[in-house]
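Undergrad: The sequence isn't on hand, but the structure is:
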């Protein structure tokens with residue numbers, strides 16, 4: 001199993017930033033994944049092809065990584081139902097907030113968007129509060 005290091009975090013963050021910058025430079029589009037997923041399956045829209053390519057690239061990169069980098073299989077300590085409910089809630093939240101962490105935190109803050117800075121402060125504060133409540137007040141280890 002590969003250990004987390006500052007180098008791997010720097011490389012991963014750099015690649016995310018590079019992909020977001022390239023998409024903005026070449027397509028004039030923000031790399032917000034929730035918006036891409038929503039738009040990719042809107043077949044009335046003639047601009048969904050680039051979204052499908054970008055999302056396909058995300059999936060292909062994960063497959064290639066898994067082929068060449070040995071690691072331990074992922075294990076989950078929670079039920080499949082809890083994971084599904086969590087995914088639905090995250091999807092609902094990204095649509096409610098008009099974007100996700102990639103759109104607001106990575107791309108929006110880099111463009112100094114007040115809306116994105118506000119959204120990022122909001123979802124990070126709620127995440128910190130949620131972890132504090134579940135781990136320290138309710139004693140739940142998620």
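TA: Now that the structure is in, tell me what you want to look at. Treat the numbers as computed from the prediction; the structure is a model and nothing was measured.

Undergrad: before we move on, what SS does residue 102 have?
TA: helix (DSSP: H, G, I helix; E, B strand; the rest coil).

Undergrad: Run a quick neighbour tally on residue 77.
TA: The tally of other residues near residue 77 (other Cβ atoms under 10 Å) stands at 7. For every residue, glycine as well, the C-beta is placed using N, CA and C.

Undergrad: correction: residue 85
TA: Counted with other Cβ under 10 Å, residue 85 comes out at 12.

Undergrad: go on, residue 34?
TA: For residue 34, using other Cβ under 10 Å, the count is 20.

Undergrad: repeat for the one 3 residues further on
TA: Here the number of neighbours of residue 37 (other Cβ under 10 Å) works out to 14.

Undergrad: do residue 79 as well
TA: Neighbours of residue 79 (other Cβ under 10 Å): 9.

Undergrad: now do the one 10 residues further on
TA: Taking other Cβ under 10 Å as the criterion, the count of residues near residue 89 is 10.
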